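> Sequence and predicted model, in that order:
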Amino acid sequence: MPYRYQDVEIYWLGHDAFRVLWRGLALYIDPYQLQAGEPKADVILVTHEHFDHCDPPSIRRVLKPSTAVVAPRVAVSCVKRAAREVNVIEIAPGERKSAGGINVTAYPAYNINKFRDPARRAVFHPREDGRVAYMIELGSVRVFHAGDSDFIPEFRDVRADILLVPVSGVYVMTPQEAAEFVNTVSPRVAIPMHYGSIVASRREAEEFKRLVKGRIEVVILEREL
């Protein structure tokens with residue numbers, strides 16, 4: 001079942017992938033391993049080029065001629081593998097773009113303490129690569145998808161009604177770091193992601209929920225099949 005907030009419906013499709021429905025518009029974020037039969041997309045947001053976030057077959061399954069795909073430069077070539085004709089709107093951290101009747105603002109998304117090569121202090125998602133998180137404006141409702149990121153300084157300014165936050169650790173925030181993020185910016189609702197596929201499990205989502213304080217509603221969604 002989706003989570004409903006005012007006139008926004010949010011479906012978790014596993015990992016970092018979501019389908020968001022709003023006033024007849026279908027928005028997908030980082031579609032990954034989608035099955036046939038998903039509703040077609042008006043807008044697709046891609047945070048970066050890694051295979052579990054930019055999945056050309058999944059993008060292809062929900063494309064229609066009018067679909068707008070928003071992606072940072074680092075992911076554009078991946079998006080274009082989905083179809084010969086695809087409307088790509090390139091975005092960079094700090095930019096605000098309109099796509100399919102909604103406005104999205106890109107934030108940087110990067111690691112500060114998750115290392116692929118600890119000896120060289122080389123992180124999985126370097127800031128200079130230009131990967132992004134998204135603030136999505138759906139009428140008066142603001143949804144923030146944090147992408148693959150740690151709790152970085154730029155996220156302290158996030159003001160959202162709904163926050164989609166990774167909790168698995170390894171490549172992204174741990175449950176403790178994700179809870180610190182949420183407790184700092186105080187959204188109305190927090191939905192954990194980045195678990196149950198590739199790395200981590202519902203256990204990390206439950207730990208995150210335990211650590212969130214105050215009146216913030218934490219919703220652990222069941223994956224849509």
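Right, received. Where do you want to start? Quick caveat: nothing in here was measured; it's all calculated off a predicted structure. Numbers count the residues shown, from 1 in each chain.
> Contacts only, for the nearest residue to residue 127 once chain neighbours are set aside.
Setting aside the residues directly before and after it, residue 127 is nearest to residue 110 in space (C-beta to C-beta, 6 or more residues apart in numbering), at 3.9 Å. Where you see a C-beta, it was placed from the backbone N, CA and C, and this is true even at glycine. Applying C-beta atoms under 8 Å, 6 or more residues apart in numbering to residue 110 gives the contacts 123, 125-127, 129, 131, 149-150, 152.
> Backbone dihedrals for residue 110, please?
phi -160, psi 170 (degrees, to the nearest 10).
> Return the distance of it relative to residue 118.
Distance of residue 110 to residue 118, given as C-beta to C-beta, to the nearest Å: 17 Å.
> Check residue 88 too.
35 Å.
> Nearest spatial neighbour of residue 71, chain-adjacent residues omitted?
Of all residues not flanking residue 71 in the chain, residue 46 sits nearest, at 4.1 Å (C-beta to C-beta, 6+ apart).
> can you count the residues close to residue 193?
Neighbour count of residue 193, defined by other C-beta atoms under 10 Å: 26.
> ok, then the element right after the helix or strand of the chain with the lowest mean pLDDT?
Within the chain, no helix or strand scores below strand 115-117, which has a mean of 86 by mean pLDDT, DSSP states H and E. Per DSSP states H and E, the first helix or strand lying C-terminal to strand 115-117 is strand 122-123.
> Show the secondary-structure elements that that next one is packed against.
Contacts defined by 3 or more C-beta pairs under 8 Å, 6 or more residues apart in numbering; DSSP states H and E place strand 122-123 against strand 115-117.
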